[in-house]
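*Asks:* Dropping a prediction and its sequence here:
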Amino acid sequence: MNMTVQTSSVDTAPPLWQMRLKLALKNFKSGWAIFKENPIGIIGLVLIVFFALLAALHPILMATAWEPAVYDPITGYDFEILIHPSPPTWIPQPDNPMWEFSFRHVLGTDPLGRDVLSQLMFSTRSEFLLGVGAALVTVLIATTIGAVAAYYGGLVDMIFMRIADVVYMLPFIALLIVLSSLFDFELIHLALVYGVLAGFGGTTIVIKSQALTIKVKAYIEAARIAGGNDLHIIFTHLVPNLLPLSFLYMMFTVTGAIFSEAVLSFFGLLDIRMSWGLMIQTAQAAGYLLNSWKYWYLMFPSGVAITLLCAAFYLVGRALDEVVNPRLRKR
């Protein structure tokens with residue numbers, strides 16, 4: 001009779017994945033309750049959602065409301081500039097195909113006659129892909145190396161930490177400028193290179209220090225006594241507990257990657273169709289950089305977009321810091 005009851009209780013027990021899912025949802029709810037109390041985190045999240053909507057709306061507008069021949073961010077050109085030279089908001093010279101604010105071009109056009117708003121929205125998608133791609137590479141490398149270095153210690157720890165010290169001292173922007181001038185750099189290459197540099201740099205040092213505190217936990221020793229091998233302990237017990245801190249530094253990596261793209265595009269060192277940095281570079285190449293106060297629509301939209309998106313991920317990262325680090329919480 002007792003055997004039947006025990007078998008029935010085992011059969012009705014929820015599967016392991018379901019238990020882990022419930023635990024993850026519980027942790028998410030508790031983390032969200034802390035996150036939403038921080039106003040800077042909410043501001044950053046709202047800005048990220050706003051730019052995500054810009055990126056999602058561009059292909060919809062191109063397929064419905066905008067004429068591709070006019071509003072294409074790379075090849076578009078509005079011949080109405082030359083046909084109707086009389087309105088005061090237009091600059092009708094054939095060698096200067098620009099106009100300022102109008103209902104046809106809300107943010108004006110660039111020196112090549114292309115719509116600035118369309119360029120801004122189109123580039124948002126590239127910035128998100130670059131930032132998220134670089135951040136994922138950083139999280140993968142930094143979490144793995146930090147966990148391995150903390151678990152094994154000794155020579156393994158020394159080798160990885162000396163590499164991290166060297167990479168941490170490197171000037172990222174200067175190094176990226178040199179690499180992009182030597183090789184044909186595209187967006188995917190920039191994401192990989194920046195992710196590797198950030199993953200082997202300071203992020204690894206921080207995550208390794210956190211892994212050292214997890215390594216001495218009782219359940220790690222219990223897993224080792226139960227016969228778990230090194231890979232099982234590292235990737236089943238160490239890495240999952242490091243992911244919250246990894247995702248925190250993922251936000252800061254996105255900010256650095258977006259800023260690096262803007263710098264490289266401004267210097268013309270990145271092989272990319274359109275980006276916020278390239279918008280500024282186009283205006284600079286046409287000689288409008290020193291007249292930005294007059295031709296504000298050539299500089300401000302892309303410059304403000306770079307600033308706001310970088311600030312948004314930074315603010316979200318600062319708010320997540322309170323979720324990950326209990327010592328920073330107000331309660």
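*Replies:* That came through fine. No experiment lies behind these values; they were computed from the predicted model shown.
*Asks:* What strand or helix carries A135?
*Replies:* Assigned by DSSP states H and E, A135 falls within helix 116-152.
*Asks:* Let me fix that, I meant to ask about G287.
*Replies:* G287 belongs to no helix or strand, assigned by DSSP H and E.
*Asks:* can you tell me which residues contact A164?
*Replies:* Counting by C-beta atoms under 8 Å, 6 or more residues apart in numbering, A164 makes contact with I145, F200, G201, G202, T204, I205. Just so you know, the C-beta spots here come from the backbone N, C-alpha and C atoms, and that holds for glycine as well.
*Asks:* coming back round to it: and the next helix or strand past the helix holding A135?
*Replies:* Criterion used, DSSP H and E; the element after helix 116-152 is helix 154-169.
*Asks:* Which element is encountered next along the chain beyond that following helix?
*Replies:* Next along the chain from helix 154-169, counting by DSSP H and E, comes helix 172-182.
*Asks:* List the buried residues for that following helix?
*Replies:* Across helix 172-182, burial judged by 16 or more other C-beta atoms under 10 Å covers F172, L176, I177, L179, S180.
*Asks:* Against which helices or strands is it packed?
*Replies:* helix 187-200, helix 239-266 (3 or more C-beta pairs under 8 Å, 6 or more residues apart in numbering; DSSP states H and E).
*Asks:* Pick out the shakiest of those helices, pLDDT-wise.
*Replies:* Comparing mean pLDDT across the helices and strands packed on helix 172-182, the weakest is helix 239-266, with a mean of 87.
*Asks:* For that helix, buried residues please.
*Replies:* 239, 241-242, 245-266.
*Asks:* hey, which helix or strand in the chain has the poorest pLDDT?
*Replies:* Least confident helix or strand of the chain, by mean pLDDT, DSSP states H and E, is strand 90-91 with a mean of 40.
*Asks:* any low-confidence regions in this structure?
*Replies:* Low-confidence segments of the chain (pLDDT under 70): 1-13, 16-17, 20, 80-102, 292, 325-331.
*Asks:* May I have the phi/psi pair for Y288?
*Replies:* phi -110, psi 10 (degrees, to the nearest 10).
*Asks:* neighbours of the residue lying closest to it once chain neighbours are set aside, just the number please.
*Replies:* In this structure, Y288 finds its nearest non-sequential neighbour in Y295, 4.8 Å apart by C-beta to C-beta, 6 or more residues apart in numbering. Y295 has 19 neighbours, counted by other C-beta atoms under 10 Å.
*Asks:* Y295 contacts A283, doesn't it?
*Replies:* Yes. Assessed by C-beta atoms under 8 Å, Y295 is found in contact with A283 at 7.1 Å.
*Asks:* State the distance spanning the first to the last residue of stretch 68-75.
*Replies:* 9 Å (C-alpha to C-alpha, to the nearest Å).
*Asks:* Buried residues, that stretch. List them.
*Replies:* For stretch 68-75, by 16+ other C-beta under 10 Å, it's V70, Y71, D72, P73.
*Asks:* and what of stretch 43-50?
*Replies:* Per 16+ other C-beta under 10 Å, stretch 43-50 contains these buried residues: G44, L45, L47, I48.
*Asks:* Mark which of those are part of helices, please.
*Replies:* Secondary structure assignment by DSSP state H places G44, L45, L47, I48 of the buried residues of stretch 43-50 in helices.
*Asks:* contacting residues around the last one?
*Replies:* I take that to be I48. I48 neighbours (C-beta under 8 Å, 6+ apart): L309, A312, F313, V316.
*Asks:* can you redo the contacts of A164 as TSV with distance to F160?
*Replies:* Formatted as TSV, the contacts of A164 follow (distance: C-beta to C-beta, whole Å):
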residue	distance to F160
I145	5
F200	8
G201	11
G202	13
T204	7
I205	9
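*Asks:* If you rank these by neighbours, which is first?
*Replies:* Neighbour max across these (other C-beta under 10 Å) = T204, 28 neighbours.
*Asks:* Quickly find the element holding that residue.
*Replies:* Counting by DSSP H and E, T204 is part of helix 202-215.
*Asks:* could you give the angle of that helix to helix 187-200?
*Replies:* 50 degrees (axes from the mean of the first three to the mean of the last three C-alpha atoms, to 10 degrees).
*Asks:* List the buried residues in the very next helix or strand once past helix 202-215.
*Replies:* Sequence-wise, the next helix or strand downstream of helix 202-215 (DSSP H and E) is helix 218-225. Neighbour-count burial for helix 218-225, counted by 16+ other C-beta under 10 Å, picks out I220, A223.
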